[in-house]
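>>> Show me the folded form of this:
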Amino acid sequence: MAIVVALIGGYAALSHYSNSAPDARGLATGLSIGPLVLVGGVLLWRWSHPALAVPLLAITGVLLFHFWPLLTRYYEWSDVVQQCAAYGLVALSFARSLFGGRVPLCTQMTDQLHGPLTPAETAYTRRATVAWTIVYALLAAAILILFFIAPLHIWSLFVNFLSFGIIALMFGADHAIRRRVLPHRPGGILAALRQSITGSALPQTNRRT
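So this is what the prediction gives:
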């Protein structure tokens, strides 16, 4: 978890610097498209045969080299699309779990950590899923609106720092409410974060029967 936090913090600091310094457009371009290329390359390597993945990755490298000046000129658009898509997809994931007879995401996580849940706890985690949906949707909308109405360095401050602060405040509020609604549940928010990052759950002996 510490490594993940350090990587996110380092990326945010470099991203804000590159968006604020006029001579750092190359770095800004790399930070903007780098995550997309990395994720796409990993998925391509895992989901296809190396005989297909290697040529496609090589072609991607050639295209990036050829169009690098164009990408550098308009890197801000790649950045805003990436940011809005990330928050929008998270909001959509939370929202989608609320319909069609699905189990809300917060209910799923809480049940895996502390289940079985009581009806009151199930109702709370459903409301928490709605709240997280609204928060991520508003963040995506704010990122898009600020991109058009604010200077780039102000937009960068919001994207790289203030948005994480808002999410941290939401985590804190959720944790405080959960301590009242779910007073006998072990683990708390740190356990949920650990599970989301590593996939590990609490030992069976910690689960209330």
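>>> domains of the chain?
The record, using automatic domain parsing to delimit domains, assigns the chain the ranges 1-73, 75-209.
>>> Just name the most buried of the ones you listed.
Across the domains of the chain, the average number of neighbours (mean count of other CB atoms under 10 Å) peaks for domain 75-209, which reaches a mean of 16. Glycine gets a C-beta too; all of them are placed from N, C-alpha and C.
>>> distance between that one and the chain's centre?
9 Å (CA atoms, centre = their mean, to the nearest Å).
>>> Return the residues in contact with the nearest residue to S163 once chain neighbours are set aside.
Using CB to CB, 6 or more residues apart in numbering and skipping the chain neighbours, the partner closest in space to S163 is L139 (5.5 Å). By CB atoms under 8 Å, 6 or more residues apart in numbering, the contact list for L139 reads 87, 91, 163, 166-167.
>>> With G30 as the reference, measure out to L139.
As judged by CB to CB, to the nearest Å, L139 and G30 stand 24 Å apart.
>>> Check V103 too.
40 Å.
>>> Low-confidence bits of this protein, can you list those?
1, 183-209 (pLDDT under 70).
>>> any chance you could map the helices in it?
Listed in chain order, the helices found in the chain under DSSP state H are 2-20, 25-47, 50-73, 75-96, 105-114, 119-149, 152-157, 163-181, 188-198.
>>> Now do the second one: which elements does it pack against?
Contacts defined by 3 or more CB pairs under 8 Å, 6 or more residues apart in numbering; DSSP states H and E place helix 25-47 against helix 2-20, helix 50-73, helix 75-96.
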